[in-house]
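Peer 1: Sequence and predicted structure are below.
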Amino acid sequence: MTANELTSAIKNRIYDGLSGNISNQSISNDQLFDEIDLVRADFVNKYSMTAKLNTKYLLQSLENLELKCTSLAYSSKCDAFRHSNDEVPALEVPVLLATPDDSAIEFLGLTNKQEKFPVYYDTSDILNHRVRIRTANKPFVWVDTTINANGMNTLYFFNLGKFNPLKFVSLRAMFSHPSSVIPFDPEYIDREYAAPAHMQMAILDAVTEKYIRYYRQMNAELQPNIQSDNIK
């Protein structure tokens, strides 16, 4: 199911479950996108502890992402793609899914898919890359897993060498909230939602049940307190 189909199915189930008894339901698609993503994150956490999760179905692709020169030192001036030691090409992406083995990124490289860059999450891996003779001059990417002021992760590109100036890259990765890619992919709502079919159904059931229970509790008729009534 696409993200759009998921939201429509949830709304229809909610209205059917309430049997028309409540007419003032107001649920925006943005609100449902957030709810769906949060439930998905919960299921991913649960399923990751078993052999029931195929992470291939959690991947999303972002194409032609533009690199921008970013200063690693606040006092440094970033001048296009003429890099000093403090200036490197960088890319802001939606927050990546936290995985035990740092496997959120499946592919990060050239838009023609002919070159894939090594991706590191730990600064010690950067040092190891630089001291090895075989890799010292080869390009690599460091993922800053801290969330920046824009609510995103930053990817820094080093040793681009023959690829410099590199302007655009492709990314295929697992994101913490699939709907966060909307600014990068306007067609997101019409793409298959980033979850296997069995998880999509579980999400559908969980979100529907949550809203039906909420609306019923919110609109439940108050019952009179008869505990103090005289018993005849």
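Peer 2: Cool, got the structure. Residues are numbered from 1 along each chain as shown.
Peer 1: residues in contact with the helix or strand where Ser124 lies?
Peer 2: Element membership for Ser124 (DSSP states H and E) is helix 123-131. Here helix 123-131 makes contact (C-beta atoms under 8 Å, 6 or more residues apart in numbering) with Pro118, Tyr120, Thr135, Ala136, Lys138, Phe140, Trp142, Phe158. Placement of C-beta: from N, CA and C, glycine included.
Peer 1: Would you agree the first one is in contact with Val143?
Peer 2: No. Here Pro118 does not reach Val143: they are 11.1 Å apart, not a contact under C-beta atoms under 8 Å.
Peer 1: So those two - more neighbours on which side?
Peer 2: Shown here are Pro118 and Val143; by other C-beta atoms under 10 Å, Val143 has more neighbours (20 against 14).
Peer 1: who are the neighbours in contact with Leu160?
Peer 2: Here Leu160 is in contact with Pro89, Pro139, Leu166 (criterion: C-beta under 8 Å, 6+ apart).
Peer 1: Ramachandran angles for the first one?
Peer 2: As for Pro89, its main-chain torsions (degrees, to the nearest 10) stand at phi -70, psi 140.
Peer 1: Surely it and Thr70 touch.
Peer 2: Yes. With contact defined as C-beta under 8 Å, Pro89 counts as touching Thr70 (7.2 Å).
Peer 1: of the two, who's got more company?
Peer 2: Pro89 (23 against 19).
Peer 1: Skipping its backbone neighbours, what lies nearest that one in space?
Peer 2: Leu67 (4.0 Å; C-beta to C-beta, 6 or more residues apart in numbering).
Peer 1: Please compute how far the helix-or-strand element of the chain with minimal mean pLDDT lies from its chain's middle.
Peer 2: In the chain, no helix or strand scores lower on mean pLDDT, DSSP states H and E than helix 123-131, which sits at a mean of 80. Relative to the centre of its chain, helix 123-131 is centred 27 Å away, using C-alpha atoms, centre = their mean, to the nearest Å.
Peer 1: Can I get it in CSV, CA atoms only?
Peer 2: Taking Å, rounded to 0.1, in the frame of the first residue of the first chain, the C-alpha atoms of helix 123-131 are listed here in CSV:
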residue,chain,number,x,y,z
THR,A,123,35.2,8.9,14.1
SER,A,124,37.7,6.1,14.9
ASP,A,125,36.7,4.6,11.5
ILE,A,126,37.7,7.9,9.8
LEU,A,127,41.2,7.7,11.4
ASN,A,128,41.6,4.0,10.3
HIS,A,129,40.5,4.9,6.8
ARG,A,130,43.1,7.6,6.6
VAL,A,131,46.1,5.6,7.9
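Peer 1: what's downstream of that helix, the next helix or strand?
Peer 2: Helix 123-131 is succeeded, C-terminally, by strand 140-144 (DSSP H and E).
Peer 1: who's the residue most central in space within the chain bridged to?
Peer 2: By C-alpha atoms, centre = their mean, the chain has its centre lying nearest to Phe175, at 2.6 Å. For Phe175, the beta-bridge partners are Leu96 (DSSP bridges).
Peer 1: which residues touch it?
Peer 2: Gln60, Val93, Pro94, Val95, Leu96, Leu97, Ala104, Val181, Ala194.
Peer 1: again, but for Phe158
Peer 2: Phe158 touches Val88, Ile126, Pro139, Phe140, Val141, Trp142, counting by C-beta under 8 Å, 6+ apart.
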